[in-house]
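Novice: got a predicted structure here, sequence first:
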Amino acid sequence: MGQCFNGFLNSFSDHLYDLNGVKAQIGMRIVKTQAEVEEAKLKGETVFLVKDDGVYINGSFSNASGNVYFKGENVAEVIKNAKLGYDGVNGIPINAWEGIILDMSHIELDNSLMSHQSWHNYNFYMEAELALLQDIGYNFDRKLYYGDSIYESNLLNWQSDYGYYARKDGKWLIGEYNPTEYGVGLHIYGKNNIATQSHDILSSGVAASGIRIDGSNNQLIIANDTKVHTLGDYSNALLIAYGKDHVIEHNGELKATGKEGIAINIDFGDNTLGNAEEYRGSYIHQMSGNNQDDLAEYNLDGALVKSLNLNAASSTIGSLASIYIADNAYVNTINIAQWAKVEGDIISNWDPNNEKLANQYKDSFYTDLNFGSDSSLSRAAFNALDNTWSVKANVLGYDNFKMNVNENLNLQGSAFVYDLNNKAHFSLLGADGINPSLLYIKNNFTQDSNAILTAGINANGQSLVYVGGNANLAGAFNFYMLKDFYKDKVVLDPDLISANQIQGAFNSIVYDIFYTEAYCRDIMEVKELYKDMSDDDYVYSSWNTPQYWDRYRFWVARTEKGTKYLREILEPRIYNKYKDLEVEIDDKGSVLRWIGEINR
């Protein structure tokens with residue numbers, strides 16, 4: 001072969017090892033086959049093996065035969081016991097061959113910014129790449145950019161040792177937000193891990209990700225009371241960016257409140273080299289616009305997220321979206337437990353008939369979006385009037401969300417879904433808590449016999465519910481009117497629900513239920529229902545906060561007949577009764593004496 005490490009080793013090549021663990025040395029000969037290695041041993045010579053057999057697994061140069069491996073103190077601290085690359089070496093894979101030229105310069109971690117691969121979805125270095133820079137002599141605080149990383153696979157009980165905060169003198173300032181751009185609190189690179197994050201991740205930097213998940217078949221558990229806050233613009237509290245069959249158990253607080261903040265972002269992203277060259281997504285792999293039959297090799301033959309579980313103790317808040325699913329990302333199931341706090345739209349742009357899907361995969365992959373538990377025990381009292389679990393979101397998944405309302409739910413927003421199955425009391429109150437929402441169902445609507453749908457009506461007396469397919473009706477339908485409606489104006493359309501085909505009928509139809517119920521409670525009942533209500537919320541409740549009304553908040557309406565009655569009958573009576581009565585008050589407004597009398 002005639003190639004060797006001549007002259008000197010620089011700070012990079014001095015950290016290179018071959019798959020046999022042999023470290024590069026000045027003057028060491030480089031060979032292509034294991035047979036040459038064995039032959040050299042017989043002569044007492046140690047050689048450096050760089051295979052050139054072109055074998056690839058899992059569709060990445062990271063897993064290609066012919067790699068060499070970078071090892072260093074900082075890299076070891078980051079990757080720990082991870083076995084990476086085709087050869088399963090505890091080091092960072094480095095692509096050795098550039099065609100027929102021995103190159104040994106490109107870092108080959110999967111999909112990374114620094115890799116020589118044709119598909120990247122990173123806009124910044126991985127922690128292992130930063131560690132490599134430290135090992136070749138760059139001096140900086142790596143932990144400004146990463147809290148922790150998991151490069152290992154098959155860890156069944158990984159527990160966080162610390163979180164992610166601001167830094168000073170190489171130490172965490174616990175409780176203070178880290179302002180670093182592109183910061184990541186936890187990065188999961190490996191596969192088949194079960195990881196629990198129980199320490200806070202606090203970032204205020206632009207384009208940060210609290211937790212980023214790649215690999216495949218990883219389970220992330222966000223522990224109770226754990227905060228993952230990314231308050232900088234264009235940031236994600238949780239980003240699931242690659243692979244398949246990930247499971248999320250969310251019990252903490254995900255918060256992304258900067259400009260276009262997303263609490264849970266499920267998105268392969270775009271190829272930084274251009275989508276025209278190579279495009280990837282769930283059940284999608286295209287090269288130059290042509291579908292490839294190698295999904296399993298690239299870990300694309302499954303849902304990016306198998307199950308996303310927002311448990312009862314969780315809080316999920318995003319300025320752009322609480323949950324965002326990109327058009328290249330399939331999510332099998334979303335479970336939102338009753339009392340989970342959700343603020344921000346729930347958006348899915350996934351289309352089961354995406355033109356990039358091969359024909360055999362089209363019209364197959366829809367997302368089950370479940371609100372509450374589907375069990376008779378948990379729904380035993382769903383008919384109660386105190387239907388108080390509120391989700392402040394528009395639900396926008398017209399092409400793929402199969403929405404199931406299993407427990408009482410107030411949706412403060414509109415819903416555009418593929419299917420709707422209502423088993424409880426589903427109320428659509430609008431984003432401001434009063435103006436009616438829209439309910440658009442692309443395919444079918446089904447309501448159980450003991451379920452209730454509460455929705456608004458328009459000026460034509462027709463509900464704001466539209467069904468593109470079949471409506472299977474049962475149970476009760478309550479509707480409320482805009483605040484400028486009056487009962488004597490309402491003329492109900494006999495077809496309250498607009499649908500392609502209607503089967504069955506509602507057992508009961510009640511109108512103006514919203515305002516009727518507003519009078520049937522006192523302040524103590526309101527406080528019990530809305531535990532976060534402040535005194536000012538109650539005292540200054542208005543049309544925009546009708547949820548805080550009680551029997552002492554009343555609706556004042558003026559009609560033509562009412563005005564005439566006030567002017568011609570009530571006002572003269574009031575005037576005649578009190579016209580002979582005067583009152584004397586002091587400078588403080590206290591009554592000193594009454595003068596005259598009331599006319600009985």
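Specialist: Sure thing, it's come through.

Novice: quick one: residues contacting residue 214.
Specialist: Residue 214 makes contact with 110, 111, 187, 188, 189, 241, 242, 243, according to C-beta atoms under 8 Å, 6 or more residues apart in numbering. Where C-beta positions appear, they are placed from N, C-alpha and C, glycine not excepted.

Novice: so what's it closest to, chain neighbours aside?
Specialist: residue 242 (4.3 Å; C-beta to C-beta, 6 or more residues apart in numbering).

Novice: quick check, the one you found in a strand?
Specialist: No - judged by DSSP: H, G, I helix; E, B strand; the rest coil, residue 242 forms no part of a strand; its state is coil.

Novice: I figured it hits residue 111, correct?
Specialist: Yes - counting by C-beta atoms under 8 Å, residue 242 does reach residue 111; the two are 6.3 Å apart.

Novice: can you pull out the strands in the stretch 301-450 of the chain?
Specialist: Here the stretch 301-450 of the chain has its strands, by DSSP state E, counting those that start in this stretch, at 305-310, 315-318, 321-325, 331-336, 341-343, 346-348, 367-371, 390-391, 395-405, 409-411, 415-422, 425-428, 439-441, 445-447.

Novice: my error: substitute the stretch 1-150 of the chain in the last question.
Specialist: With DSSP E, counting those that start in this stretch as the criterion, the stretch 1-150 of the chain has strands at 3-4, 16-17, 29-31, 48-49, 67-70, 92-98, 101-107, 146-150.

Novice: okay, now the sheet partners of the last one, with direction.
Specialist: Sheet pairing here is set by DSSP bridges, and for strand 146-150 it gives strand 184-188 (parallel).

Novice: one more: the first one?
Specialist: Its sheet considered, strand 3-4 pairs with strand 29-31 (antiparallel) by DSSP bridges.

Novice: with the fourth one instead?
Specialist: Applying DSSP bridges to the sheet, strand 48-49 is found paired with strand 29-31 (parallel).

Novice: any idea of the mean pLDDT in the partner strand?
Specialist: When pLDDT is averaged over strand 29-31, the result is 94.

Novice: does residue 595 touch residue 585 like I think?
Specialist: No - here residue 595 lies out of contact with residue 585, judged by C-beta under 8 Å, at a distance of 11.5 Å.

Novice: pull the contacting residues for the spatially most central residue of the chain.
Specialist: Taking C-alpha atoms, centre = their mean, the centroid of the chain lies closest to residue 264, which sits 2.1 Å from it. Applying C-beta under 8 Å, 6+ apart to residue 264 gives the contacts 236-238, 240, 248, 250, 254, 308, 316, 318, 322-324.

Novice: can you lay out these as a markdown table showing neighbour count?
Specialist: Output for those, formatted as a markdown table (neighbours: other C-beta atoms under 10 Å):
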| residue | neighbour count |
| --- | --- |
| 236 | 30 |
| 237 | 33 |
| 238 | 29 |
| 240 | 26 |
| 248 | 25 |
| 250 | 28 |
| 254 | 30 |
| 308 | 25 |
| 316 | 27 |
| 318 | 30 |
| 322 | 30 |
| 323 | 28 |
| 324 | 25 |
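
Novice: save those as TSV, and put in pLDDT and distance to residue 600 too.
Specialist: Listed next are those as TSV, based on pLDDT from 0 to 100; distance: C-beta to C-beta, whole Å:
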residue	pLDDT	distance to residue 600
236	99	73
237	99	69
238	99	72
240	99	77
248	99	73
250	99	68
254	99	67
308	99	71
316	99	64
318	99	64
322	99	63
323	99	67
324	99	69
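
Novice: now those as a markdown table including distance to residue 138?
Specialist: Converted to a markdown table, those look like this (distance: C-beta to C-beta, whole Å):
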| residue | distance to residue 138 |
| --- | --- |
| 236 | 27 |
| 237 | 30 |
| 238 | 30 |
| 240 | 30 |
| 248 | 35 |
| 250 | 36 |
| 254 | 33 |
| 308 | 38 |
| 316 | 38 |
| 318 | 35 |
| 322 | 39 |
| 323 | 38 |
| 324 | 35 |
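
Novice: for those residues, which one is nearest residue 411?
Specialist: Taking C-beta to C-beta as the measure, residue 411 lies nearest residue 322 of those, at 12.6 Å.

Novice: my guess is the closest one meets residue 263, correct?
Specialist: Yes - contact criterion C-beta under 8 Å: residue 322 and residue 263 qualify, at 4.8 Å.

Novice: tell me, what's touching these two both at once?
Specialist: 316, 344.

Novice: find residues that contact each of residue 242 and residue 111.
Specialist: In contact with both residue 242 and residue 111: 121, 214, using C-beta under 8 Å, 6+ apart.

Novice: tell me which of these two has more neighbours.
Specialist: More crowded of residue 242 and residue 111, by other C-beta atoms under 10 Å: residue 242, with 27 against 23.

Novice: from residue 189, how far off is that one?
Specialist: For residue 242, the distance to residue 189 equals 9 Å [C-beta to C-beta, to the nearest Å].

Novice: touching both of those two, which residues are there?
Specialist: With C-beta under 8 Å, 6+ apart as the test, residue 242 and residue 189 both reach 110, 214, 215.

Novice: which one of those is nearest residue 95?
Specialist: residue 110 (12.5 Å).

Novice: from what I can see the closest one touches residue 189, true?
Specialist: Yes - taking contacts as C-beta under 8 Å, residue 110 lies within contact range of residue 189: 7.4 Å.

Novice: residue 137 reaches residue 11, doesn't it?
Specialist: Yes - here residue 137 reaches residue 11: they are 5.2 Å apart, a contact under C-beta under 8 Å.

Novice: quick one: the helices in the stretch 1-150 of the chain?
Specialist: Under the criterion DSSP state H, counting those that start in this stretch, the stretch 1-150 of the chain contains helices at 34-42, 73-79, 127-135.

Novice: mean neighbour count, mean pLDDT and distance to residue 578 added to the ones you listed, as TSV?
Specialist: Listed next are the helices of the stretch 1-150 of the chain as TSV, based on neighbours: other C-beta atoms under 10 Å; pLDDT from 0 to 100; distance: least, C-beta to C-beta, whole Å:
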stretch	mean neighbour count	mean pLDDT	distance to residue 578
helix 34-42	12	96	110
helix 73-79	19	99	84
helix 127-135	22	99	80
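
Novice: so which of those helices is nearest residue 4?
Specialist: Residue 4 sits nearest to helix 34-42 of all the helices of the stretch 1-150 of the chain, at 12.0 Å, using C-beta to C-beta.

Novice: by contact count, what packs against that closest one?
Specialist: Other elements packing on helix 34-42 under the criterion 3 or more C-beta pairs under 8 Å, 6 or more residues apart in numbering; DSSP states H and E are strand 29-31, strand 48-49.

Novice: can you tell me which of those strands is packed in deepest?
Specialist: Highest mean neighbour count of the helices and strands packed on helix 34-42: strand 48-49, a mean of 22 (counted as mean count of other C-beta atoms under 10 Å).

Novice: need the residues that contact that strand.
Specialist: 5, 18-20, 22, 24-25, 28-34, 36-37, 68.

Novice: isn't residue 372 right up against residue 424?
Specialist: Yes - Residue 372 lies in contact with residue 424 (C-beta under 8 Å); the separation is 6.7 Å.

Novice: need the residues touching each of the two.
Specialist: Joint contacts of residue 372 and residue 424 (C-beta under 8 Å, 6+ apart) are 379, 405, 406, 407, 408, 409.
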